[in-house]
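**Q** need a structure here:
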Amino acid sequence: MCRYDKVPEPGLNFTWDRTTAKFVGRDVTGRWACPGWFNECAAVTRVVDGVAKIRPEGEQPFKVRVTYVFLEEQVLYVLVPGAIACPWFSSFRRALAANPFPLPFNGVDWPRSDCIAPRA
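**A** Residues are numbered from 1 along each chain as shown. Alright, predicted model coming up:
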């Protein structure tokens, strides 16, 4: 189980809404089939599958199936089955090293996306 929320970083010019989420899942590493479009299969060390209840600020909560895929390099991919997989890093410093962009953030020049999606 884990909880997700966003922490404002005014010194970096990052602001967020109050969206939160709660994830409950179980380890499925031994029976998980890595999708062919996910190009990190060889580095997978653990897989946890479950449901996240997302509570967007000012909107109705909703549930979505999510798979957390852990890699050898201490990177976590949040995978929405059949849709997209995006990396989450253990620290902001690691995320910035993987996707550099100038700080403080100007609100326009976002780093390149490193999410992985199935080809259409």
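
**Q** buried residues, stretch 37-54. List them.
**A** 38, 40, 44, 47-50, 52, 54 (16 or more other C-beta atoms under 10 Å). (Glycine included, C-beta is placed from N, CA and C.)

**Q** same check, this time on stretch 17-30
**A** For stretch 17-30, by 16+ other C-beta under 10 Å, it's 21-23, 25.

**Q** that older thread, which of the buried residues of stretch 37-54 sits closest to Pro100?
**A** Among those, Glu40 lies closest to Pro100 (C-beta to C-beta), at 20.5 Å.

**Q** nearest to Asp109 among the buried residues of stretch 17-30?
**A** Ala21 (27.1 Å).

**Q** columns secondary structure and pLDDT on top of the buried residues of stretch 37-54, output as TSV?
**A** Output for those, formatted as TSV (DSSP: H, G, I helix; E, B strand; the rest coil; pLDDT from 0 to 100):
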residue	secondary structure	pLDDT
Phe38	coil	92
Glu40	coil	91
Val44	strand	96
Val47	strand	97
Val48	strand	96
Asp49	strand	96
Gly50	strand	96
Ala52	strand	94
Ile54	strand	92
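
**Q** wait, which of those is closest to Trp32?
**A** Once C-beta to C-beta is applied, the member of the buried residues of stretch 37-54 that ends up nearest Trp32 is Val47, at 4.3 Å.

**Q** now that closest one: how far from Glu57?
**A** Distance, Val47 to Glu57, by C-beta to C-beta, to the nearest Å: 30 Å.

**Q** helices of the chain, start to end?
**A** According to DSSP state H, the chain carries its helices in the segments 92-98.

**Q** next, count neighbours for Pro87.
**A** 19 (other C-beta atoms under 10 Å).

**Q** and it, bridged to which residues?
**A** Tyr77 (DSSP bridges).

**Q** how far away is Ala33 from Ser91?
**A** 30 Å.

**Q** contacting residues around the spatially most central residue of the chain?
**A** In the chain, the residue lying closest to the centroid (C-alpha atoms, centre = their mean) is Val78, at 4.0 Å. By C-beta atoms under 8 Å, 6 or more residues apart in numbering, the contact list for Val78 reads 66-69, 85-88.
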